[in-house]
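> One predicted model, sequence on top.
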Amino acid sequence: MVEGEAEAEAEVKKGGVLQGRYELGHVLGHGNFGRVHEARDLRTGRGVAVKVLAKDKLLRTGMMEQIKREIAVMKRVSHPNIVELHEVMATRTKIYLALELVRGGDLLARIARSGRVREDVARRYFRQLVSAVDFCHARGVFHRDLKPENLLVDEAGNLKVVDFGLSALADHARADGLLHTICGTPGYVAPEVFRNRGYDGAKADVWSCGVVLYVLLAGSLPFPKDSIAAMFIKMSRRDYRCPPWLSTEARRLIPKLLDPDPDTRITVAQIVETPWFNKPSVSRAVTAAAAEPPAEAACSAKDSGGGDKDELPETLNAFHLISLSAGLDLSPLFDVEGGPARGHREDGMRFATREPASGVVSRLEEVAARSGGRMRVTKSGARGVRLEGAGRGGRKGRLAVAADIFCLAPSVLVVDIKKDGGDTLEYRSFCSEVLRPALKDIVWAADPHPAAAAVDAVRPPSDHCSGS
Amino acid sequence: MGCLQTKHASRSPHLLDTREAVALAAETSFTVSEVEALHDLFRKISNSVIRDNLIHKEEFQLALFRGKKQQNLFVDRVFDLFDQKRNGVIEFGEFVRSLGVFHPDAPEDQKVAFAFKLYDLKQTGFIERHELKEMVLALLDESDLDIASDAVEMIVDRADTKGDGKIDQEEWTEYAKDNPYVLRNMTLPYLKDITMVFPSFVMHSEISETDMAV
């Protein structure tokens, strides 16, 4: 293996550039499988963290297959409170993961600095943590190693969970390395995990969230790690003490999280309904916004791109029309198991109508009005309407439906409806159960008497089209 | 620069040759790792019907229409453009070079040129009026839209701004600049995520550290 050794010497170090994209800076820390560099994406100038993993160590510990699986999983969990994986690179001896760089340090360092955190600050972190956990669970991804070391805080004070889906690698290096040994992982693991009889990842994550919350509020672990056996007994007997400074609501929530029986333990859906979780924050109004899933908040106002009464649908010319062809959309090539599946054409709905734009718009607005608050209009105008699920919506994010209205010919509009967010199955059932029936009588189906259509088509333009 | 080893010559044809990967990366906006990830995708598509590591038209159609074989003028055109050697199959190099045009980082003029070739059905150097009409009719048919023939003529006329019955490269370039949505299909954001969607390459990559640092 002389070749391999020479290879190791030639490894990319500080100052080197990976694949022409990432210029490596100083080492942020060391983990079990390699080191983490600060780096700069030369295309954008943006800072990233590059985690270098040694393949031989991964092979020796039998982690290779798992890494591969978890990389694919991590791509599915893009959320403002989860550290994002940007890209993966590999050589014969190493794997490089380009990750979002979080500069503020981890939660453990924060607790170590101040002993514990104020209750409203803890609530803010906890909401963000629960938001991230809920998002991942809805996608079948469990962390299994939630602890303050895996919770980073960015410069804006937002929580970022590290290694979601990469729990096998949960050794994210920290710049400081403070208090490394005080909170070992066993302190955060649910009792049923110790039993070694298989466990529900979602339930176990909720337990860990409970320990994190306790540590934030109390400044110490609920179950001191004298020995694993002693700790296990204490967990099973609910043998811990809530410090006297905790609020009543917090005292009510913590036992529900630290319930040794996974079957009766509180669920994420129940956590978000508790008074402590919902208490309005006194200091900062940003909390809720930061904890929200990445919804299309930008399109929240009715006035964005719509509302103008004089606006007319855009007139489709030949090239625009052609570009709508499914045959020119190559994205299905990438649609493999576990791969991206957003907005596939099969989920679309396109139809022609002789209804004026105002008629199409009001039909779509009626859909929202009749949904009993389930859907709301986030954009409305002659060029298109966007409907979005109200409230928390589905667990995979809010359902959003965008209808673009184009003018195809005088008196003929084309309505192109696509999913703009949320779960595909939910969208499909919305289309078949709500949208299609609501629009049925304005859809101009392929006409069995083309002559009749021709008569209409030569009618002078009414309010259908803008000038071409 | 490269770090060539003779052992690559004896490797299985199903595995990507490191030299080829490095060369393709140099030619396109892809990194070596992205080329390796694309090879995984290529193997899936190219072995779906005939296990020969070449994408036949039938395989291309299957991949685009989720298992349903479907005739489509535009798919035929895309296939023909990917098949640079015009031997009826898409080889890995052709696949990567063509997809390179669709990379979010690929230069805009490459996308403009690719779309022009796509629409220039008979490759005369012009998008002629009858070609445009053929494509409009194909789209209407594909979408189950039925409109009067004079309406079709109007749609076609609207695109021929000079009114001379054909569109040349320059006219197209101008047009694409003013109407960026016509190039929407020429960019595939998925390509940025390719190393995470097809991460198998991390296990069998034979790229040297020297090649990594190019």
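Here it is on my side, so go on.
> Please name the nearest non-neighbouring residue to A:His137.
When the adjacent residues along the chain are set aside, A:His137 lies closest to A:Ala202, with 4.9 Å between them (C-beta to C-beta, 6 or more residues apart in numbering or on different chains). The C-beta positions use only the backbone N, C-alpha and C, and glycine is treated the same way.
> Distance-wise, check the one you found relative to chain B.
Computed with C-beta to the nearest C-beta, to the nearest Å, the distance linking A:Ala202 and chain B is 24 Å.
> Just the pLDDT for residue 156.
All of this refers to chain A. Listed pLDDT for A:Ala156 reads 91.
> Please refer instead to chain B.
pLDDT, B:Val156: 88.
> Downstream of the helix or strand harbouring the residue nearest to A:His137, the next helix or strand is which one?
Taking DSSP states H and E as the criterion, A:Ala202 maps to helix A:201-218. For helix A:201-218, the succeeding helix or strand toward the C-terminus, using DSSP H and E, is helix A:228-236.
> which other residues reach that next one?
A:Pro186, A:Gly187, A:Ala190, A:Pro191, A:Phe194, A:Phe223, A:Pro224, A:Lys225, A:Asp239, A:Tyr240, A:Leu258, A:Pro260 (C-beta atoms under 8 Å, 6 or more residues apart in numbering or on different chains).
> and what of stretch B:166-179?
Outside stretch B:166-179, the residues within contact range by C-beta under 8 Å, 6+ apart are A:319-320, B:109, B:112-113, B:115-116, B:119, B:125-129, B:132, B:159-162, B:182-183.
> Counting only strands, which of the residues you listed make the cut?
B:Ile127, B:Glu128 (DSSP state E).
> Just the buried residues of the contacts of stretch B:166-179.
Burial by neighbour count, judged by 16 or more other C-beta atoms under 10 Å in any protein chain shown, picks out A:319-320, B:112-113, B:115-116, B:119, B:126-129, B:132, B:159-160, B:182-183 from the contacts of stretch B:166-179.
> average pLDDT across stretch B:134-153?
Stretch B:134-153 comes out with an average pLDDT of 87.
> so how far does it reach from one end to the other?
Stretch B:134-153 has its terminal residues 11 Å apart, counting by C-alpha to C-alpha, to the nearest Å.
> near chain A at all, that stretch?
Yes - applying C-beta under 8 Å from any C-beta of the partner chain, one finds stretch B:134-153 in contact with chain A at B:135-136, B:138-140, B:142-151.
> if I look at the residue lying closest to A:Lys55 once chain neighbours are set aside, how far off is A:Ala230?
Nearest residue to A:Lys55, sequence neighbours excluded (C-beta to C-beta, 6+ apart): A:Thr93, at 5.5 Å. A:Thr93 sits 43 Å away from A:Ala230, going by C-beta to C-beta, to the nearest Å.
> Next: A:Val133.
Distance from A:Val133 to A:Ala230, by C-beta to C-beta: 28 Å.
> Neighbour count: these two, which is higher?
Comparing A:Val133 with A:Ala230 by other C-beta atoms under 10 Å in any protein chain shown, the one with more neighbours is A:Val133, at 26 against 13.
> Quick check: phi and psi at the more buried one.
phi -60, psi -50 (degrees, to the nearest 10).
> list the contacts for the residue nearest to it when sequence neighbours are not counted?
Excluding the flanking residues, the one nearest A:Val133 by C-beta to C-beta, 6+ apart is A:Asp205, at 5.5 Å. Contact analysis of A:Asp205 by C-beta under 8 Å, 6+ apart lists A:Val133, A:His137, A:Phe142, A:His143, A:Arg144, A:Leu146.
> can I see the domain layout of chain B?
Structurally, chain B divides into domains by the TED database as follows: B:19-102, B:107-186.
> quick one, which of these is packed in tightest?
domain B:19-102 (a mean of 19; mean count of other C-beta atoms under 10 Å in any protein chain shown).
> tell me the mean pLDDT over that domain?
92.
> Endpoints of that domain, how far apart?
23 Å.
> And that domain, how far out from the chain middle?
7 Å (C-alpha atoms, centre = their mean, to the nearest Å).
> Do any residues in it lie close to chain A?
Yes - interface with chain A: domain B:19-102 contributes B:25, B:31-33, B:36-37, B:41, B:44-45, B:63-66, B:72-78, B:99, B:102 (C-beta under 8 Å from any C-beta).
> Verify the contact between A:Glu366 and A:Ala438 for me.
Yes - because the distance of 6.9 Å satisfies C-beta atoms under 8 Å, A:Glu366 is recorded as touching A:Ala438.
> Of those two, which one has the most company?
Neighbour totals were compared for A:Glu366 and A:Ala438, and A:Ala438 leads with 14 against 11 (other C-beta under 10 Å).
> tell me which element the more buried one is part of?
A:Ala438 belongs to helix A:436-439, assigned by DSSP H and E.
> Can stretch A:410-427 be said to contact chain B?
Yes - judged by C-beta under 8 Å from any C-beta, stretch A:410-427 and chain B are in contact via A:Pro410, A:Val412, A:Val414.
> Endpoint to endpoint, that stretch covers what distance?
OK, stretch A:410-427 end separation, C-alpha to C-alpha: 31 Å.
> now it, how far from the centre of its chain.
Worked out by C-alpha atoms, centre = their mean, stretch A:410-427 lies 23 Å from the chain centre.
> cool, stretch A:316-324 as well?
The answer for stretch A:316-324 is 34 Å, by C-alpha atoms, centre = their mean.
> Buried by neighbour count: which residues of it qualify?
Buried residues in stretch A:316-324 (16+ other C-beta under 10 Å): A:Leu316, A:Asn317, A:Ala318, A:Phe319, A:His320, A:Leu321, A:Ile322, A:Ser323, A:Leu324.
> next one: stretch B:183-198
In terms of neighbour count (16+ other C-beta under 10 Å), stretch B:183-198 has its buried residues at B:183, B:185-188, B:190-191, B:193-198.
> Please list which of these are also close to chain A.
Checking those against chain A (C-beta under 8 Å from any C-beta), the matches are B:Asn185, B:Leu188, B:Tyr190, B:Leu191, B:Asp193, B:Ile194, B:Thr195, B:Met196, B:Val197, B:Phe198.
> Closest to chain B out of the contacts of helix A:228-236?
Distance to chain B across the contacts of helix A:228-236 (C-beta to the nearest C-beta) is lowest for A:Ala190, with 29.3 Å.
> what residues are up against the closest one?
Each residue near A:Ala190 by C-beta under 8 Å, 6+ apart is listed here: A:Tyr199, A:Lys203, A:Ala204, A:Trp207, A:Ser208, A:Met235, A:Pro262.
> Mind doing that once more with 7 Å?
A:Tyr199, A:Lys203, A:Ala204, A:Trp207, A:Ser208, A:Pro262 (C-beta atoms under 7 Å, 6 or more residues apart in numbering or on different chains).
> With A:Arg398 instead?
A:Ala295, A:Glu388, A:Gly389, A:Gly421, A:Gly422.
> Lowest-confidence one in the residues you listed?
Taking the contacts of A:Arg398 together, the minimum pLDDT is found at A:Ala295 (40).
> Checking residue 59 next. Helix, strand or coil?
In the absence of a named chain, chain A is used. The three-state label given to A:Leu59 by DSSP: H, G, I helix; E, B strand; the rest coil is helix.
> wait, chain B
Under three-state DSSP, B:Glu59 comes out as helix.
> Would you confirm that it contacts B:Ser46?
Yes - with contact defined as C-beta atoms under 7 Å, B:Glu59 counts as touching B:Ser46 (6.4 Å).
> export the contacts of helix A:228-236 to TSV and tack on distance to B:Lys166, secondary structure and pLDDT?
Shown next, in TSV, are these (distance: C-beta to C-beta, whole Å; DSSP: H, G, I helix; E, B strand; the rest coil; pLDDT from 0 to 100):
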residue	distance to B:Lys166	secondary structure	pLDDT
A:Pro186	75	helix	70
A:Gly187	74	helix	79
A:Ala190	71	coil	85
A:Pro191	76	helix	84
A:Phe194	76	helix	72
A:Phe223	79	coil	91
A:Pro224	82	coil	83
A:Lys225	79	coil	74
A:Asp239	85	coil	93
A:Tyr240	81	coil	94
A:Leu258	75	coil	97
A:Pro260	78	coil	95
